[in-house]
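Engineer: Have a look at this prediction, sequence included:
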Amino acid sequence: MCFLTLAALIAYPIFAQSQATDTPVAAQDLRQTALGFRNAQDFDKAIETYKALLAQNPTDTLSIKVDLGLCYKAKKDYANAMPLFTEVASSQDKRKAESMFFIEDCCCEQGKIADAVAELTVAYNECPEARTDFLLRRAARQCDIQKYKEALADYQEFLAKYPDKTDLIATFSARLPEIKLRATGLFDGPASGLETEWTRAKGDGSDPVYANLVACRLGLACKSGQDYRKAIAIFEDLAKDAQGDRCRELTFWALDCLTEQDKNEDALAYLDKMLAAHPDWKYLIDYRCACCLSELARPEEAIAGLNEYLAETPDTEFAKNVEVMIANITLAAFGKPDEARSLLEKVIADHPDYPGMIEARSLVANCAYDKQNYAEAAELHEAAFGCPEYGTFKSFIQYMIGDCYAQIADYTNAFQAWGQTQGFLSE
């Protein structure tokens with residue numbers, strides 16, 4: 001969850017629609033009319049009505065200006081909205097705190113997060129009755145601009161001063177370990193720094209969740225640095241006490257350490273152990289076994305495993321990836337472009353919103369290329385290139401477009417395509 005969303009969930013106070021009892025009857029009617037326009041999202045008519053209401057000089061002018069400001073805010077007309085909110089925020093009106101939240105919100109909607117933090121600091125000092133809300137919102141906004149030390153200080157102040165607010169604490173506490181680690185500057189840091197922090201966190205003993213997070217980041221840093229033996233040991237140790245999705249994530253990271261070294265036989269043995277311990281992961285394990293078998297040039301076994309996956313879990317979102325992989329093996333390992341293309345075109349027709357469409361269409365182009373239909377392959381690769389990126393396909397596709405044109409001696413288009421290739425030829 002992004003920090004902006006988190007802020008909205010945990011810290012946006014619910015303010016009742018103000019209805020002044022000392023407003024004249026005619027003014028009350030206008031106010032109800034304006035509210036009706038607002039509810040119907042006809043903000044232009046609501047604005048006209050609120051202006052007419054203000055012209056009557058009712059006693060609750062500031063409250064009306066807040067509602068008028070909300071109409072402008074809904075239209076993203078911040079130039080007119082913010083002065084209205086600021087006027088109320090400068091008073092001691094009952095809607096002062098609410099108006100300060102709206103000013104902060106206008107800042108955020110314009111991407112002015114630092115200004116929002118400044119407004120929340122003023123609000124924190126001037127509106128003690130709403131301080132819990134302002135404190136949590138400020139902490140979340142600090143995270144948005146990567147001021148994690150300041151955010152951590154706000155969260156720690158909240159924990160110290162408002163321990164009875166258990167519902168709010170439960171909402172943000174899951175993010176607190178990550179914020180603590182980001183505050184150290186080591187969240188994506190080197191393994192050496194993370195190892196030092198892990199030793200310190202374990203020795204402290206007061207926050208096991210934080211210590212586990214540091215260990216997880218250390219494992220990922222070791223994996224990135226190809227210290228696979230140490231990474232596997234860390235992931236397996238953490239997985240012992242983890243549950244559900246977290247356990248599965250850690251275990252598959254350990255598996256990745258083997259496949260990244262092309263130790264596919266070892267990976268298959270590891271997958272067998274995983275299946276024995278976690279039979280409910282079978283659908284994922286089947287797929288990863290097929291990947292290993294394919295790398296080991298055992299395509300018949302790979303496709304058999306993938307077909308078993310489809311038979312058992314045909315309706316999962318991941319099934320589309322499996323169908324594309326079967327087609328890929330059919331083309332690359334068995335040299336059957338017509339059969340592979342038929343499989344791919346079915347995926348494309350049945351799942352037009354498939355996120356990996358660029359890969360599927362690129363493989364269709366490869367089928368044409370395999371049959372030496374180079375002009376068609378170039379067109380198909382160009383169609384694939386127009387799909388949203390998924391992984392790092394576009395540079396390869398651009399290279400293949402050039403290669404297709406070169407195959408038919410159209411060097412003008414070939415060199416033009418290769419000239420647009422970003423980084424592929426240099427890798």
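Structural biologist: Received, thanks.

Engineer: Tell me where the model's unsure across the stretch 1-150 of the chain.
Structural biologist: The stretch 1-150 of the chain contains residues with pLDDT under 70 at 1-26.

Engineer: Sketch out the helices for it, chain order is fine.
Structural biologist: Remark: helices assigned in the stretch 1-150 of the chain by DSSP state H, counting those that start in this stretch are 3-11, 25-39, 43-55, 61-74, 78-89, 96-109, 113-126, 131-144, 148-161.

Engineer: can you list those helices in TSV and add distance to Val322?
Structural biologist: In short, each C-beta sits where N, CA and C put it, glycine included. Listed next are those as TSV, based on distance: least, CB to CB, whole Å:
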stretch	distance to Val322
helix 3-11	32
helix 25-39	48
helix 43-55	49
helix 61-74	46
helix 78-89	49
helix 96-109	42
helix 113-126	42
helix 131-144	38
helix 148-161	40
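
Engineer: Let me know which of the ones you listed is the nearest to Gly189.
Structural biologist: helix 148-161 (12.8 Å; CB to CB).

Engineer: so after that closest one, what's the next helix or strand?
Structural biologist: helix 166-173 (DSSP states H and E).

Engineer: ok and that next one relative to helix 131-144, angle-wise?
Structural biologist: Using axes from the mean of the first three to the mean of the last three CA atoms, to 10 degrees, the direction of helix 166-173 lies 10 degrees away from that of helix 131-144.

Engineer: could you say what helices and strands helix 166-173 packs with?
Structural biologist: Here helix 166-173 touches helix 3-11, helix 131-144, helix 148-161, going by 3 or more CB pairs under 8 Å, 6 or more residues apart in numbering; DSSP states H and E.

Engineer: any idea which of those is most buried?
Structural biologist: helix 131-144 (a mean of 24; mean count of other CB atoms under 10 Å).

Engineer: now that helix against helix 113-126, angle please.
Structural biologist: Orientation check (the same axes, to 10 degrees): helix 131-144 against helix 113-126 gives 160 degrees.

Engineer: which helices and strands does helix 131-144 pack with?
Structural biologist: Using 3+ CB pairs under 8 Å, 6+ apart: helix 131-144 touches helix 3-11, helix 96-109, helix 113-126, helix 148-161, helix 166-173.

Engineer: in stretch 95-109, what counts as buried?
Structural biologist: For stretch 95-109, burial by neighbour count (16 or more other CB atoms under 10 Å) applies to 95-108.

Engineer: if we can go back for a sec, same list, the helices and strands packed on helix 166-173, but as a markdown table with distance to Glu197 please.
Structural biologist: Shown next, in a markdown table, are those (distance: least, CB to CB, whole Å):
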| stretch | distance to Glu197 |
| --- | --- |
| helix 3-11 | 22 |
| helix 131-144 | 19 |
| helix 148-161 | 14 |
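
Engineer: Out of these, which gets nearest to Ser342?
Structural biologist: Nearest to Ser342, of the helices and strands packed on helix 166-173 and by CB to CB, is helix 3-11 at 43.2 Å.

Engineer: okay but Glu197 is in contact with Val214, surely?
Structural biologist: Yes - Glu197 is within contact range of Val214, at 5.2 Å (criterion: CB atoms under 8 Å).

Engineer: From the neighbour counts alone, determine which of the two ranks first.
Structural biologist: Neighbours of Glu197 and Val214, each counted by other CB atoms under 10 Å, are more numerous for Val214; the result is 26 against 22.

Engineer: could you say which helix or strand contains that one?
Structural biologist: helix 208-224.

Engineer: same thing with Leu194?
Structural biologist: In the assignment (DSSP H and E), Leu194 maps to helix 191-204.

Engineer: mind listing what's buried in that helix?
Structural biologist: Across helix 191-204, burial judged by 16+ other CB under 10 Å covers Ala191, Leu194, Glu195, Thr196, Glu197, Trp198, Ala201.

Engineer: Ok, stretch 226-246 next?
Structural biologist: So stretch 226-246, judged by 16+ other CB under 10 Å, has buried residues Asp227, Tyr228, Lys230, Ala231, Ile232, Ile234, Phe235, Leu238, Ala239, Ala242.

Engineer: Just the residues you listed: which are in strands?
Structural biologist: Assignment to strands by DSSP state E places none of the buried residues of stretch 226-246 there.

Engineer: mind giving me the domain ranges of the protein?
Structural biologist: According to automatic domain parsing, the chain comprises the domains 3-178, 186-244.

Engineer: I'd like the ones you listed as JSON lines, with distance to Phe318 appended.
Structural biologist: Listed next are these as JSON lines, based on distance: least, CB to CB, whole Å:
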{"stretch": "domain 3-178", "distance to Phe318": "26"}
{"stretch": "domain 186-244", "distance to Phe318": "18"}
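
Engineer: returning to that earlier point: can you put the buried residues of helix 191-204 in CSV and add distance to Pro208?
Structural biologist: Formatted as CSV, the buried residues of helix 191-204 follow (distance: CB to CB, whole Å):
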residue, distance to Pro208
Ala191, 21
Leu194, 16
Glu195, 17
Thr196, 18
Glu197, 14
Trp198, 12
Ala201, 9
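
Engineer: between those, which is nearest Gln407?
Structural biologist: Ala191 (46.5 Å).

Engineer: That closest one reaches Cys222, doesn't it?
Structural biologist: Yes - assessed by CB under 8 Å, Ala191 is found in contact with Cys222 at 5.4 Å.

Engineer: Please name the nearest non-neighbouring residue to Ala378.
Structural biologist: By the measure of CB to CB, 6 or more residues apart in numbering, the closest residue to Ala378 outside its immediate chain neighbours is Cys404, 3.7 Å from it.

Engineer: In contact with the one you found, which residues?
Structural biologist: By CB atoms under 8 Å, 6 or more residues apart in numbering, Cys404 lies in contact with Ala365, Tyr369, Tyr374, Ala375, Ala377, Ala378, His381.

Engineer: if you set the cut-off to 6 Å instead, what comes out?
Structural biologist: Residues near Cys404 by CB atoms under 6 Å, 6 or more residues apart in numbering: Tyr374, Ala377, Ala378.

Engineer: okay if I get those residues as JSON lines plus pLDDT, secondary structure and neighbour count?
Structural biologist: Output for these, formatted as JSON lines (pLDDT from 0 to 100; DSSP: H, G, I helix; E, B strand; the rest coil; neighbours: other CB atoms under 10 Å):
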{"residue": "Tyr374", "pLDDT": "96", "secondary structure": "helix", "neighbour count": "18"}
{"residue": "Ala377", "pLDDT": "96", "secondary structure": "helix", "neighbour count": "25"}
{"residue": "Ala378", "pLDDT": "96", "secondary structure": "helix", "neighbour count": "26"}
